[in-house]
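Visitor: Structure, please.
(one chain, ligands or ions: 2)
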Amino acid sequence: MRFVLPKGRLLQGSLGLLQKAGISLRPPGERRLIERVGNYEVLLARAFDVPVYVEYGIDVGITGSDVLEERGSDVLVPLELPFGKCRLSLAMPGERIAEPEEMDGYRIATKYPRITRRFFEGLGVEVEILKLHGSIELAPKIGIADAIVDIVETGETLRANGLVEVTKVMDVSALLLVNRIAQKTKFEEINELVFSIKEVIRDGT
Ligand SMILES: Nc1ncnc2c1ncn2[C@@H]1O[C@H](COP(=O)(O)OP(=O)(O)OP(=O)(O)O)[C@@H](O)[C@H]1O
Ligand SMILES: O=P(O)(O)OC[C@H]1O[C@H](OP(=O)(O)OP(=O)(O)O)[C@H](O)[C@@H]1O
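Guide: Numbers count the residues shown, from 1 in each chain. Ligands and ions are numbered 1, 2, ... in the order given. The predicted structure is shown next:
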C-alpha cells in the first residue's frame, strides 16, 4: 500500500495516528521524498498536493479539509481525523470592519481562491481575489488588499497584525483520503486501516 503524507505541520499528527493504528511508517529523510517500510511505501508531498497524488493513484493520503476543498480532487474521504483542527476565516483590519455582504468590489488576499470565490458567490457579492502563497496577513497590513481569507488557529497572527475575524468560512480538520480505485482493488487492506484508525479515534488514545 502506498501512503502520501503532508510535509509540514500535519506530518507528526499523521505519523502518530498511523502508528497507534499499528502502522509504523518511517518518514523519508531530509532530502528523500520516498521510503519503503515493509509492505508500505511512504511519499512526502506538500499538503496542497496530497489530494492530487491520491486522485491520480496513490492509495491513501492525509491532508487538511481546507486543502481538499480548495483542490476539489475526486477522492474518497472515509474519516475525519482528530488533529489539524483550525478554521478558515475572513478577517480585516480592526479599524475598517465591514460585513461580508458589504464587500462588493473589495480585494481579498488568500491562498484559497476557489473557496473564497464560492463563499462570496453564495452571498451574491463580487470581489477581486489576490492569490498569495503565504504571509497572507501582510496584504491588508500594507494596503494591497482590503481583507483576507486565511487559517486561524489561536488568532495570534491576526492580533499581531491588527486584524479582526469577521466570520468563519469553514471548519478545518485533517482528513484521511482514499483513491477510488484502491478502495475497490485493495478493499480489505483499506477497510482494515480505516477500522483501526476509527478505533484509535474512538479510544481517544
Ligand atoms: N495554525 C495553522 N496554520 C496553518 N495550517 C494549519 C494550522 N493548523 C492546522 N493546519 C492545517 O495544516 C495544513 C498544512 O499546513 P502547513 O503549514 O504544513 O502547509 P502549507 O501552509 O501548505 O505549507 P507549504 O506551502 O510549505 O506546503 C493546513 O492546510 C491546515 O489544514
Ligand atoms: O491563529 P494562529 O495560531 O496564529 O495560526 C494561523 C497562522 O498560521 C499559519 O501561518 P504559517 O505559520 O503556516 O505561515 P504562512 O502564513 O506563511 O502559511 C496561517 O496561515 C496563519 O497565518
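Visitor: going forward, measure contacts between C-alpha atoms and count neighbours the same way
Guide: OK.
Visitor: Wasn't Leu15 part of a strand?
Guide: No. Assessed with DSSP: H, G, I helix; E, B strand; the rest coil, Leu15 is helix; it does not lie in a strand.
Visitor: Which pLDDT value does the model give it?
Guide: Leu15 carries a pLDDT score of 94 in this model.
Visitor: count of residues packed around it?
Guide: 18 (other Cα atoms under 10 Å).
Visitor: Just list the residues touching it, thanks.
Guide: Neighbouring residues of Leu15 by Cα atoms under 8 Å, 6 or more residues apart in numbering: 24-25.
Visitor: Which residues of the protein lie near ligand 1?
Guide: 8-10, 46-48, 64-67, 84-86, 151, 153 (Cα under 6 Å from any ligand atom).
Visitor: Now for those residues: which two are most distant?
Guide: Arg46 and Glu153 (19.7 Å; Cα to Cα).
Visitor: Any chance of a ChimeraX selection covering the buried ones in the residues of the chain next to ligand 1?
Guide: Restricted to buried positions by 16 or more other Cα atoms under 10 Å, the ChimeraX selection for these reads:
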select :10,47,48,64,65,66,67,84,86,151
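Visitor: can you narrow the residues of the chain next to ligand 1 to ones near ligand 2?
Guide: Answer for these near ligand 2 (Cα under 6 Å from any ligand atom): 151, 153.
Visitor: Sitting in strands, which of the residues of the chain next to ligand 1 do you find?
Guide: 64, 86, 151 (DSSP state E).
Visitor: Against which helices or strands is the longest helix seen in the chain packed?
Guide: Scanning the chain for the helix with the most residues, using DSSP state H, yields helix 187-203. If you count contacts as 3 or more Cα pairs under 8 Å, 6 or more residues apart in numbering; DSSP states H and E, helix 187-203 packs onto helix 11-20, strand 76-80.
Visitor: Quick one: closest of those to Arg180.
Guide: strand 76-80 (6.1 Å).
Visitor: for the record, mean pLDDT for the closest one?
Guide: 98.
Visitor: Who are the packing partners of that strand?
Guide: Packing partners of strand 76-80 (3+ Cα pairs under 8 Å, 6+ apart): strand 174-178, helix 187-203.
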